[in-house]
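In: coords below, sequence missing:
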Ligand SMILES: O=C(O)[C@H](O)[C@@H](O)[C@H](O)[C@H](O)COP(=O)(O)O
């Protein structure tokens, strides 16, 4: 697992635009070398900010949209089309404006979908979908994602892995149902830390003063049960993309980098 690297941008809009530019390059490189790319999206304002910036980026159509697999790190377990669903918000920000292959858009099930209101069954169904997509070269139950993005909550949650709740303790399953989440809605579906850690690159997005403490805790050696963001690491890269406000409480040893 990789050690976190930090990139601090002046404000949240620049952070979103720079992350979008970075994402274009990653996707184009993966498509050039392997034929397709696979990206895991996150809910929340920062994740949607990156998607909106991608929609507005002049270079966006360097991406071959038909050869991009999209997955979700978590979902708010609500009916199809609910404006609070992460997939609904992602569609509005970007997905409805680009020529994706619908078969490659792997939304998590809705609460009125094939599994009805059973979030645990929906999670098991999504785990099967991931397992089907994992080729032998992936050596595991999920595909190797090129980039997995995560928003960071003020309590250090990522995806729907909240401090101390059972989901963050999961070591076997790749997707689980979440009940009683402190951030509404209480019922959710989420990738677990083992699934997140299958990604080549994990990018954590944090902007705003209310994320400063969470970033400082997660980057200062906290345990992943108490600070889930601390456990979100990519195989080859873990990148924290912050704005100056979110970086304002980081220990001096982490940021700013020491001058030569
Ligand atoms: O469903 C969700 O709400 C999320 O996926 C959640 O993990 C989110 O990413 C963080 O709470 C950060 O959200 P913000 O970017 O809005 O602060």
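Out: Sure thing, it's come through. This one's a predicted model, so the numbers in the text were calculated from it and none came from an experiment.
In: rest of the way, CA atoms for contacts and neighbours
Out: Fine.
In: what segments of the stretch 51-200 of the chain are helices?
Out: Using DSSP state H, counting those that start in this stretch, the helices of the stretch 51-200 of the chain run over residues 86-93, 119-133, 193-196.
In: can you check which of these gets nearest to the ligand?
Out: Closest to the ligand of those is helix 86-93 (Cα to the nearest ligand atom; 6.2 Å).
In: what parts of this structure come near the ligand?
Out: The chain comes close to the ligand at residues 42-47, 74-76, 150-153, 158-160, as judged by Cα under 6 Å from any ligand atom.
In: again, only this time at 8 Å
Out: Contacts of the chain with the ligand, taken as Cα under 8 Å from any ligand atom, map to 42-48, 73-76, 85-86, 150-154, 157-161, 183-184, 188, 205-207, 211.
In: which parts of stretch 3-16 are buried?
Out: Counting neighbours by 16 or more other Cα atoms under 10 Å, one finds that the buried residues in stretch 3-16 are 4, 6, 8-9, 12-16.
In: pLDDT on stretch 1-21, on average?
Out: The pLDDT scores in stretch 1-21 average 96.
In: and what of stretch 104-123?
Out: Rounded mean pLDDT across stretch 104-123 is 98.
In: next one: stretch 141-157
Out: Averaged across stretch 141-157, pLDDT comes to 97.
In: would you mark the buried spots in that stretch?
Out: Buried residues in stretch 141-157, counted by 16+ other Cα under 10 Å: 141-157.
In: before we move on, which element is the nearest residue to residue 155 once chain neighbours are set aside in?
Out: Closest residue to residue 155 apart from its sequence neighbours, by Cα to Cα, 6 or more residues apart in numbering: residue 214 at 6.0 Å. Here residue 214 sits within helix 212-218, counting by DSSP states H and E.
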